[in-house]
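In: compute the structure for the input listed below.
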Amino acid sequence: MGPAKPLETFLESRGFSPDRQFNMYNGDHRLLFRSPLGNKVDIFVTEFSMCHRLPFAGRLTCDRLTLPLAELLVTKLQICEANAKDLSDTACLLADHAFGHGDGESINAGRIAQLCGADWGLYHTLKNSTTRLGAWVSSGLEGAGAVAGLVAVRVAELDRIIESCPRTAKWKLRSAIGEKLPWYKTVEEVER
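Out: Below is the predicted model of the structure:
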């Protein structure tokens, strides 16, 4: 039995319809279901894998109802071709939560630094994302007053967190190659 089998059984007992072909090929790391109302439910098992891989090991118990805020933020920032909704989601998360030294209601700065320091590609994408987000906040949130200012401050703080991450030897080797080789995976939207 795979790691997601109990979850599959639970969802099916609640009327969720599995995408059997997709789940057969990808079930060790990702599952697709349709809710009884027809909404797509995309489930990642053991790690989040889109443009970059984010391991969940030891992190899923940090919050009772959702991913820890650090991982939630990184899932948005790791999108190499972010759209306005992605930028808006990220800005809302930053408007509502400060950076801190732990999980809970704060965004765990140490966890973001740890992820970036282990993976040059993720670091590079997040640096690009903070630049893009900062520009979007400056131009797109005009009139939002204090909220836009708060988000801009937190984007700058995030940039400092990413830049100050302790770098592994693997990170340093990969950084020497830079953009000469792809550093992220192109993700196609799964529509079934």
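In: from now on I want contacts and neighbour counts done on CA atoms only, so please keep to that.
Out: Will do.
In: check the gap between the residue nearest to Ala98 when sequence neighbours are not counted and Arg20 for me.
Out: In this structure, Ala98 finds its nearest non-sequential neighbour in Ser106, 5.3 Å apart by C-alpha to C-alpha, 6 or more residues apart in numbering. Look at Ser106 and Arg20: by C-alpha to C-alpha, to the nearest Å, they are 38 Å apart.
In: neighbour-wise, which of these two wins?
Out: Each of Ser106 and Arg20 has its neighbours counted (other C-alpha atoms under 10 Å); Ser106 has more, 17 against 13.
In: tell me the pLDDT at that one?
Out: pLDDT recorded at Ser106 is 95.
In: check Cys92 too.
Out: For Cys92, the model assigns a pLDDT of 93.
In: for it, grab phi and psi.
Out: As for Cys92, its main-chain torsions (degrees, to the nearest 10) stand at phi -60, psi -40.
In: check Lys185 too.
Out: Torsion angles at Lys185 (phi, psi; degrees, to the nearest 10) stand at phi -100, psi 130.
In: would you check that the residue nearest to Ala98 makes contact with Gly100?
Out: Yes - counting by C-alpha atoms under 8 Å, Gly100 is a contact partner of Ser106 at 5.3 Å.
In: which parts of stretch 64-72 are buried?
Out: Neighbour-count burial for stretch 64-72 flags Leu67, Pro68, Leu69, Ala70, Glu71 (criterion: 16 or more other C-alpha atoms under 10 Å).
In: what do you get for stretch 145-157?
Out: Val147, Ala148, Gly149, Leu150, Val151, Ala152, Arg154, Val155, Glu157.
In: burial measure for the residue lying closest to the fourth one once chain neighbours are set aside, as a count.
Out: Using C-alpha to C-alpha, 6+ apart and skipping residues adjacent in sequence, the residue nearest Leu150 is Ala95, 6.4 Å away. Counted by other C-alpha under 10 Å, the residues lying close to Ala95 total 19.
In: again with Pro36
Out: Neighbourhood size, Pro36 [other C-alpha under 10 Å]: 12.
In: try Ala176
Out: 10.
In: quick one: pLDDT of it?
Out: Ala176 carries a pLDDT value of 96.
In: who are the packing partners of the host helix or strand of it?
Out: For Ala176, the host element (DSSP states H and E) is helix 169-177. When contacts are defined as 3 or more C-alpha pairs under 8 Å, 6 or more residues apart in numbering; DSSP states H and E, helix 169-177 sits against helix 109-118, helix 120-140.
In: could you give the separation of whatever helix or strand comes next after the longest one from the chain centroid?
Out: To tie it back to what came earlier, the one meant is helix 120-140. Later in the chain than helix 120-140, the nearest helix or strand by DSSP H and E is helix 146-163. Chain-centre distance of helix 146-163: 17 Å, with C-alpha atoms, centre = their mean, to the nearest Å.
In: what's in contact with helix 146-163?
Out: For helix 146-163, contacts defined as C-alpha atoms under 8 Å, 6 or more residues apart in numbering pick out 91, 94-95, 98-99, 109, 112-113, 116, 123, 126-127, 130, 133-134, 137-138, 141-142.
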